[in-house]
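1. Build me a model:
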Amino acid sequence: MLRDISHAEQIYVACGYTDLRKSIDGLSAMVQQSFQLDPFSNALFLFCGRRCDRLKALYWEGNGFVLLYKRLEWGALSVAAVGK
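-> Take a look at the predicted model:
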């Protein structure tokens, strides 16, 4: 079942905005192709939506991915935008 994600060895934050319509397959492909990282590692990957009030987290749990989704009711996250 779900483990405690505080056991993640690294935390990676995707700078800029991510299309949060992507689910596990799309986000794990982004981790591999755009960031050249292994989504199956013991790392937590964080993605922010355009309006900065939504966040997704992707984590490999050993036998499957965990996808967490948070929507802020008030306020917004502060995310640095990086040009390509």
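2. mind listing the helices for the chain?
-> 24-33 (DSSP state H).
3. which residues does the closest residue to Phe35 other than its chain neighbours contact?
-> Ranked by C-beta to C-beta, 6 or more residues apart in numbering and with sequence neighbours excluded, the top spatial neighbour of Phe35 is Tyr12, at 7.0 Å. C-beta here means a position set from N, CA and C on the backbone, and glycine is covered the same way. By C-beta atoms under 8 Å, 6 or more residues apart in numbering, Tyr12 lies in contact with Val31, Phe35, Leu37, Ala43, Leu44, Phe45, Leu46.
4. which residues of the chain score low on pLDDT?
-> Scanning the chain for pLDDT under 70 picks out the ranges 1-3, 76-84.
5. List the contacts of Leu58.
-> If you count contacts by C-beta under 8 Å, 6+ apart, Leu58 has them with Ile24, Leu27, Ser28, Val31, Pro39, Leu44, Phe45, Phe47, Phe65, Val66, Leu67.
6. again but with Gly49, I slipped
-> So Gly49 contacts Tyr17, Thr18, Leu20, Leu55, Lys56 (C-beta under 8 Å, 6+ apart).
7. Go again with 6 Å.
-> Leu20 (C-beta atoms under 6 Å, 6 or more residues apart in numbering).
8. Can you get me a residue count around the nearest residue to Arg50 once chain neighbours are set aside?
-> Distance criterion C-beta to C-beta, 6+ apart; nearest residue to Arg50, sequence neighbours excluded, is Tyr17 at 4.5 Å. For Tyr17, the count of nearby residues is 14 (other C-beta atoms under 10 Å).
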